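build the 3D model from these lines:
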Amino acid sequence: MREHAQKEEDAEINMTPMLDIVFIMLIFFIVTAVFVKEAGVTVEKPSAVNSFTKQRASILIAITDNDEIWINRRMVDLKSVRTVVERLQIENPRGTVVVQADKEAKAGLALEVMKLAQAAGVPNVAISAIPK
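Residues are numbered from 1 along each chain as shown. Below you'll find the predicted structure:
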């Protein structure tokens, strides 16, 4: 009888190490996940013949057809674009800026936003378009 009880105790599997590994893997995947950033509004982008996909677009700036500027789901004025981009660039220094200008937005405003982003210290500034 004693031998039978001893064999049942030995047959149990300790789940603690497996749970530890699963928990560590979960933390790893959360930390290394790429989070999608959005500008905050939907714009109708113009089409372009020469276009390519930009990697690591960490700062998205949207310009609506009403000439409103949106960064990180907040509407900002033209004067504060540089300071907001500088702050976001500190968070991700290797990222780039992508300007998503509506096809009805003023081209001069899009160019001014791009100049302000470059003045904030971002070397790579692109404009978003739909490939033809």
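
helix or strand for residue 29, which one?
Using DSSP states H and E, residue 29 sits within helix 16-32.

any idea of the mean pLDDT in that helix?
Averaged over helix 16-32, pLDDT sits at 87.

ranges for the strands of the protein?
Here the chain has its strands, by DSSP state E, at 47-48, 57-63, 69-71, 74-76, 96-101, 125-127, 130-131.

identify whichever of these lies nearest to residue 89.
Nearest to residue 89 among those is strand 57-63 (7.1 Å), distances taken as CB to CB. Any C-beta I mention is one placed from the backbone N, CA and C, and that applies to glycine too.

note down every partner strand of that closest one and its orientation.
Using DSSP bridges, strand 57-63 pairs in its sheet with strand 69-71 (antiparallel), strand 96-101 (parallel).

mind putting those in CSV, distance to residue 118 included?
Converted to CSV, the strands paired with strand 57-63 look like this (distance: least, CB to CB, whole Å):
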stretch, distance to residue 118
strand 69-71, 15
strand 96-101, 8
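
pick out the shakiest of the ones you listed, pLDDT-wise.
Lowest mean pLDDT of the strands paired with strand 57-63: strand 96-101, a mean of 87.

okay, the strands of the chain in CSV with distance to residue 112 next?
Shown next, in CSV, are the strands of the chain (distance: least, CB to CB, whole Å):
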stretch, distance to residue 112
strand 47-48, 20
strand 57-63, 10
strand 69-71, 10
strand 74-76, 13
strand 96-101, 10
strand 125-127, 12
strand 130-131, 23
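
any chance of those in TSV, plus mean neighbour count and distance to residue 25?
Below are those laid out as TSV (neighbours: other CB atoms under 10 Å; distance: least, CB to CB, whole Å):
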stretch	mean neighbour count	distance to residue 25
strand 47-48	12	42
strand 57-63	23	26
strand 69-71	23	34
strand 74-76	14	35
strand 96-101	24	30
strand 125-127	19	35
strand 130-131	10	37
